[in-house]
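In: here are the coordinates; sequence isn't available:
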Ligand SMILES: Cc1cc2nc3c(=O)[nH]c(=O)nc-3n(C[C@H](O)[C@H](O)[C@H](O)COP(=O)(O)OP(=O)(O)OC[C@H]3O[C@@H](n4cnc5c(N)ncnc54)[C@H](O)[C@@H]3O)c2cc1C
């Protein structure tokens with residue numbers, strides 16, 4: 001790096017060597033080369049607090065790394081980001097560096113990828129570390145200076161030049177990319193440092209909230225239910241004034257709930273809990289039926305199969321695990337040995353209600369640190385979506401999970417980090 005007085009100077013300095021930071025560095029080098037800059041005349045540096053960049057890539061997808069999702073940019077936005085403001089913001093970045101661009105980059109480095117039946121894309125080897133190695137090779141061939149073990153504490157802008165203070169040293173840069181991630185999994189290095197830096201440049205921050213997180217309940221589920229998976233049920237959470245729901249698979253854990261439907265709903269539940277107090281959790285075992293349709297279905301069944309045990313019918317439903325059957329019967333006030341032919345109209349009505357509103361307790365907590373991502377972050381309105389440049393400070397770029405967007409499970413968060421990082425790096429002048 002060039003020395004300017006006592007500090008070490010870069011043309012572009014990136015704080016954070018995660019998915020977005022590494023992509024920003026690679027794109028910045030590519031842009032500089034395309035503008036005719038010799039590598040030695042254009043210094044790109046990453047400051048990463050961990051000993052190795054990309055720690056989160058290494059643990060993503062349970063060590064298998066769901067890198068991205070198959071489909072067009074529009075499909076990715078539609079499936080992966082539920083809020084229109086997020087879709088609008090991310091559109092430019094996803095076009096600038098799409099899932100296809102990402103896969104090309106990986107394949108160029110010899111990493112084969114596979115698309116699963118549900119559109120999720122993984123490395124063919126099934127190893128997240130192979131994805132990380134590709135990025136490390138790209139950083140090397142792009143001649144990026146990667147300085148690890150450097151935690152940035154403070155940043156200033158003096159007369160258009162950034163001064164970046166780590167715990168032990170000082171750096172300077174003409175252009176700065178902040179790519180420090182969110183605040184979940186703090187043990188991986190993401191502890192909100194970038195939010196403080198963005199704040200120091202006048203950026204507003206939407207308070208971080210958990211997302212893609214488990215839901216803990218006030219009363220732990222009974223041991224007979226722990227580990228039970230439910231397929232295609234609807235998880236409903238309601239307060240006195242609001243309710244949210246998501247259909248999908250659920251997993252009962254020793255503290256409450258997890259699984260795709262729970263993870264997907266957790267952000268909305270966390271937001272709802274900020275506004276209102278007690279949140280009741282319910283499971284709908286017949287998500288594709290209105291109350292009326294279910295009522296009719298049970299009535300017809302009672303007439304047609306009067307001699308059948310009710311529990312037998314419940315056990316035959318693909319959405320009801322057998323360990324739930326005795327509980328459903330008990331809550332409906334129906335004897336375990338009751339047959340359809342003997343069921344009163346009142347008891348049948350009670351069964352209908354329980355099947356679509358199986359109370360599963362109150363939300364106790366949604367742990368911010370245990371979410372795959374955190375919602376909240378730098379307010380999107382203050383960042384130019386076409387360049388990722390801050391509207392508060394020229395030559396300051398912000399990207400990745402630091403920004404106030406949240407993707408669904410399915411590879412959308414990594415893709416958004418890669419895309420926004422790439423756009424930030426490509427936009428440096
Ligand atoms: C367990 C888990 C599994 C996941 N699985 C998937 C998945 O399969 N698919 C998917 O799409 N998404 C997944 N995600 C989400 C995805 O990993 C993140 O959304 C994505 O990595 C965010 O990228 P980023 O670059 O914004 O932040 P990060 O990848 O978190 O990188 C930020 C980097 O900045 C560094 N840093 C922070 N502060 C400082 C500082 N002051 N100075 C220097 N460096 C600093 C951190 O050490 C870190 O390396 C998963 C997340 C977790 C936690």
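Out: Good, I have the coordinates. Nothing here was measured: the structure is a model prediction, and the numbers come from that model.
In: next to the ligand, which bits of the stretch 251-400 of the chain? Give me the list.
Out: 372-373, 400 (Cβ under 6 Å from any ligand atom). To be clear about C-beta, it is placed using only N, CA and C from the backbone, and glycine gets the same treatment.
In: for these, which one is nearest the ligand?
Out: The ligand has its nearest neighbour among these in residue 400, at 2.3 Å by Cβ to the nearest ligand atom.
In: ok, now which ones touch the closest one?
Out: The neighbours of residue 400, taking Cβ atoms under 8 Å, 6 or more residues apart in numbering as the test, are 16, 18-21, 179-181, 416-417, 420-421.
In: one more time with 7 Å
Out: Residue 400 sits next to 18-20, 179, 181, 417, 420-421 when contact means Cβ atoms under 7 Å, 6 or more residues apart in numbering.
In: quick check: phi and psi at it.
Out: When read as degrees, to the nearest 10, the backbone of residue 400 gives phi 80, psi -160.
In: kindly report the same for residue 211.
Out: The phi/psi pair for residue 211 (degrees, to the nearest 10) reads phi -150, psi 150.
In: that one touches residue 405, doesn't it?
Out: No - using Cβ atoms under 7 Å, residue 211 is not in contact with residue 405; the gap is 10.1 Å.
In: and the two? which has more neighbours close in?
Out: residue 211 (29 against 26; other Cβ atoms under 10 Å).
In: partners of that one in the sheet?
Out: residue 373 (DSSP bridges).
In: give the contact list for it.
Out: With Cβ under 7 Å, 6+ apart, residue 211 has these contacts: 266-267, 371, 373-375, 406.
In: could you redo the last one with a cut-off of 8 Å?
Out: Contact analysis of residue 211 by Cβ under 8 Å, 6+ apart lists 184, 266-267, 270, 371-375, 406.
In: next one: residue 143
Out: Taking Cβ under 8 Å, 6+ apart as the test, what residue 143 contacts is 29, 39, 44.
In: quick one: it is in a helix?
Out: No - assessed with DSSP: H, G, I helix; E, B strand; the rest coil, residue 143 is coil; it does not lie in a helix.
In: now it: how far from the ligand?
Out: 20 Å (Cβ to the nearest ligand atom, to the nearest Å).
In: with residue 60 instead?
Out: 3 Å.
In: and what about that residue, helix, strand or coil?
Out: Classified using three-state DSSP, residue 60 is helix.
In: does it touch residue 414 like I think?
Out: Yes - between residue 60 and residue 414 there is a contact under Cβ atoms under 8 Å: 6.5 Å.
In: compare these two (neighbour count), which wins?
Out: Taking neighbours as other Cβ under 10 Å, residue 60 and residue 414 compare with residue 414 leading, 29 against 21.
In: for the stretch 101-250 of the chain, what spans make up the helices?
Out: Secondary structure of the stretch 101-250 of the chain by DSSP state H, counting those that start in this stretch: the helices cover 128-141, 193-200.
In: in TSV: these, plus mean neighbour count, distance to residue 366 and mean pLDDT.
Out: Formatted as TSV, the helices of the stretch 101-250 of the chain follow (neighbours: other Cβ atoms under 10 Å; distance: least, Cβ to Cβ, whole Å; pLDDT from 0 to 100):
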stretch	mean neighbour count	distance to residue 366	mean pLDDT
helix 128-141	19	25	97
helix 193-200	21	19	98
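In: can you report how many residues neighbour residue 258?
Out: Applying other Cβ under 10 Å, we find 20 residues neighbouring residue 258.
In: distance of it relative to residue 227?
Out: Distance, residue 258 to residue 227, using Cβ to Cβ, to the nearest Å: 11 Å.
In: so which residues on the stretch 1-150 of the chain come close to the ligand?
Out: 15-21, 47-50, 55-56, 59-61, 65-66.
In: pLDDT score assigned to the closest residue to residue 419 other than its chain neighbours?
Out: The shortest distance from residue 419 to any non-neighbouring residue, by Cβ to Cβ, 6 or more residues apart in numbering, is to residue 93 (4.0 Å). Reported pLDDT at residue 93 in the predicted model: 98.
In: so residue 93, which of the three states?
Out: What three-state DSSP gives for residue 93 is helix.
In: is it true that it touches residue 415?
Out: No - here residue 93 lies out of contact with residue 415, judged by Cβ under 8 Å, at a distance of 9.4 Å.
In: ok, residue 255 - contacts?
Out: Taking Cβ under 8 Å, 6+ apart, one finds 214, 216-217, 220 in contact with residue 255.
In: any idea how far it lies from the ligand?
Out: Taking Cβ to the nearest ligand atom, one finds residue 255 at 17 Å from the ligand.
In: what do you get for residue 174?
Out: Residue 174 is 19 Å from the ligand, where distance means Cβ to the nearest ligand atom.
In: could you do residue 350 as well?
Out: From residue 350 across to the ligand, the span is 42 Å (Cβ to the nearest ligand atom).
In: find me the pLDDT at the residue in the chain positioned nearest to the ligand, would you?
Out: The chain approaches the ligand most closely through residue 18 (1.8 Å), counting by Cβ to the nearest ligand atom. Listed pLDDT for residue 18 reads 98.
In: could you report the neighbour count for it?
Out: By other Cβ under 10 Å, 32 other residues sit near residue 18.
In: hang on, it packs against residue 59?
Out: No - at 11.5 Å, residue 18 does not count as touching residue 59 under the criterion of Cβ under 8 Å.
In: which regions of the protein sit below the pLDDT cut-off?
Out: 1-7 (pLDDT under 70).
In: tell me the centre residue of it?
Out: By Cα atoms, centre = their mean, the chain has its centre lying nearest to residue 373, at 4.3 Å.
In: okay but that one is in contact with residue 408, surely?
Out: No - contact criterion Cβ under 8 Å: residue 373 and residue 408 do not qualify, at 9.9 Å.
In: who touches both of those two?
Out: Shared contacts of residue 373 and residue 408, defined by Cβ under 8 Å, 6+ apart, are found at residue 212.
In: can you tell me how far the nearest residue to residue 348 once chain neighbours are set aside is from residue 309?
Out: Distances taken as Cβ to Cβ, 6+ apart place residue 298 nearest to residue 348, at 5.7 Å, with adjacent residues excluded. Note on residue 298: its distance to residue 309, by Cβ to Cβ, is 14 Å.
In: compare neighbour counts for these two and give me the winner.
Out: Higher neighbour count among residue 298 and residue 309: residue 298, with 21 against 15, using other Cβ under 10 Å.
In: now do the contacts for that one.
Out: 348, 351-352.
In: what about it, which SS state?
Out: Residue 298 is classified as helix under three-state DSSP.
In: look up how far residue 115 lies from it.
Out: 41 Å.
In: before we move on, what about residue 287?
Out: 27 Å.
In: show me which of those two is the more surrounded one.
Out: Set residue 287 next to residue 115 and count neighbours by other Cβ under 10 Å: residue 287 wins out with 18 against 14.
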